[in-house]
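# Only the shape, not the letters, is given here:
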């Protein structure tokens, strides 16, 4: 499987594949590239409907130039050692992939970057200044992202022993986010049913709203049940793997 950066010819093939409605996995197979590489390339360059090979290629060259200008010669060798023997480049690539997947699920880019930082941190929490340093963005950008993630139930705040505010994204926060989603879905069902009486139970509109209510009721109950079950039996602890046991 070829490594390294995508070539301009490969980007043209990606654009043609998107125009033909091919899935990322199929495009990757044709180029002998991982699906994650194709996904990341498309999402960071306009998405599937706005991707253009020439613009994507120039944008990649500009990013490479900026990285080279920002980092003094020899800086790569002076990068801090990663814990657990991690490969820094592999970590960076993985974080880009995870961010891309979050963006595909509807999370805005900066919010996805912040969430990825929190998820891939061993502590599961970072301060605003740590996020600013890791992401190389302004404090205002971090503040806006945190406000959004809090509203979605994906991040919570706590104070550490030095009274610094830390932003936390742990297993329970993800559970709480799923429960918030279920509550929102249940509210939608309730509102839809209110329309049945207003529009007349025998009308086509009322039937449509009743079907919506039944569907989202079922989904809400399923989410709640699955989230509670998963919380009890699926969480793992450090030192365990998906194929192992405590």
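Everything's here; your move. All values derive from a computational prediction rather than experimental measurement. Numbers count the residues shown, from 1 in each chain.
# and the residue in the chain sticking out farthest from the centre, which of the three is it?
Here the chain reaches farthest from its C-alpha mean at residue 202, the gap being 43.2 Å by Cα atoms, centre = their mean. On the three-state scheme (DSSP: H, G, I helix; E, B strand; the rest coil), residue 202 is labelled coil.
# Report the buried residues of stretch 23-33.
Within stretch 23-33, the residues scored as buried using 16 or more other Cβ atoms under 10 Å are 24, 27, 28, 31, 33. Backbone N, C-alpha and C define where each C-beta goes, glycine included.
# For the nearest residue to residue 128 once chain neighbours are set aside, give me its contacts.
For residue 128, ignoring the flanking residues on the chain, the nearest one in space by Cβ to Cβ, 6 or more residues apart in numbering is residue 142 at 5.3 Å. By Cβ atoms under 8 Å, 6 or more residues apart in numbering, the contact list for residue 142 reads 114, 128, 131, 132, 135.
# Could you give the secondary structure assignment for residue 101?
The three-state label given to residue 101 by three-state DSSP is helix.
# In the protein, mark out all the strands, start to finish.
125-127, 156-159, 165-168 (DSSP state E).
# Pretty sure residue 12 sits against residue 53.
Yes: using Cβ atoms under 8 Å, residue 12 is in contact with residue 53, at 4.4 Å.
# Between these two, tell me which one has more neighbours.
residue 53 (20 against 15; other Cβ atoms under 10 Å).
# Can you tell me the closest non-neighbouring residue to the more buried one?
Closest to residue 53 by Cβ to Cβ, 6+ apart is residue 11, at 3.9 Å.
# tell me, how many neighbours does the one you found end up with?
23.
# Tell me how the protein divides into domains.
8-62, 97-168, 171-233 (automatic domain parsing).
# As TSV, the ones you listed with distance to residue 87 would be great.
Shown next, in TSV, are the domains of the chain (distance: least, Cβ to Cβ, whole Å):
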stretch	distance to residue 87
domain 8-62	16
domain 97-168	13
domain 171-233	26
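# can you pull the pLDDT of the residue nearest the centre of the chain?
Central residue of the chain (Cα atoms, centre = their mean): residue 102, 1.7 Å from the mean position. On the pLDDT scale, residue 102 is placed at 83.
# residue contacts, the closest residue to it other than its chain neighbours?
Closest residue in space to residue 102, ignoring its immediate chain neighbours: residue 112 at 3.8 Å, by Cβ to Cβ, 6+ apart. Neighbour list for residue 112: 99, 100, 102, 103 [criterion: Cβ under 8 Å, 6+ apart].
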